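Engineer: coordinates only, sequence not included:
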Ligand code: FES
């Protein structure tokens, strides 16, 4: 039998604590948890197609969850990649979430599917 002084200290060090509790996308724990399905919300929180979106914080990321016109549920980053407006205030319409600031629209995967304020020849629109 070991004496109390010979036992290891069960308290995590500061570094160990940060290793297991930091869950951002660039952290070891965050990368581990992103390999699994995680329960994040109840389906009833998005009760109908094109209903208002809801805020969701998951693995240190602020997300916006929404239900599309055909009833599927997804989550995208909270901030619009254009100028950073919150997509929580977006309009959920016709299979996507439209940012209220300049009207860019995003599908369930987060892909931008409409840029109404960009000219047809814009490099933002064409990606070139
Ligand atoms: S900030 Fe969203 S479209 Fe401009």
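Structural biologist: That came through fine. All figures in this text were calculated on a predicted structure; none of them were measured in a lab. Numbers count the residues shown, from 1 in each chain.
Engineer: Find the helix or strand that the residue nearest to residue 12 when sequence neighbours are not counted is a member of.
Structural biologist: For residue 12, ignoring the flanking residues on the chain, the nearest one in space by CB to CB, 6 or more residues apart in numbering is residue 20 at 7.4 Å. Every residue, glycine included, has its C-beta placed from N, CA and C. Using DSSP states H and E, the element containing residue 20 is helix 14-21.
Engineer: And for stretch 117-128, what's in contact with it?
Structural biologist: Contacts to stretch 117-128, defined as CB atoms under 8 Å, 6 or more residues apart in numbering, come from residues 102, 103, 104, 115.
Engineer: Now it: buried residues?
Structural biologist: For stretch 117-128, a neighbour-count test (16 or more other CB atoms under 10 Å) marks residue 118 as buried.
Engineer: got it, and stretch 43-57?
Structural biologist: In stretch 43-57, the ones that count as buried by 16+ other CB under 10 Å are 46, 50, 53, 56.
Engineer: and the second one, how far is that from residue 29?
Structural biologist: Separation of residue 50 from residue 29 (CB to CB, to the nearest Å): 35 Å.
Engineer: cool, and the first one?
Structural biologist: With the distance defined as CB to CB, residue 46 ends up 28 Å from residue 29.
Engineer: Residues of this protein that sit close to the ligand?
Structural biologist: By CB under 6 Å from any ligand atom, the part of the chain that sits against the ligand consists of 80, 82, 83, 85, 99, 101, 102, 103, 104.
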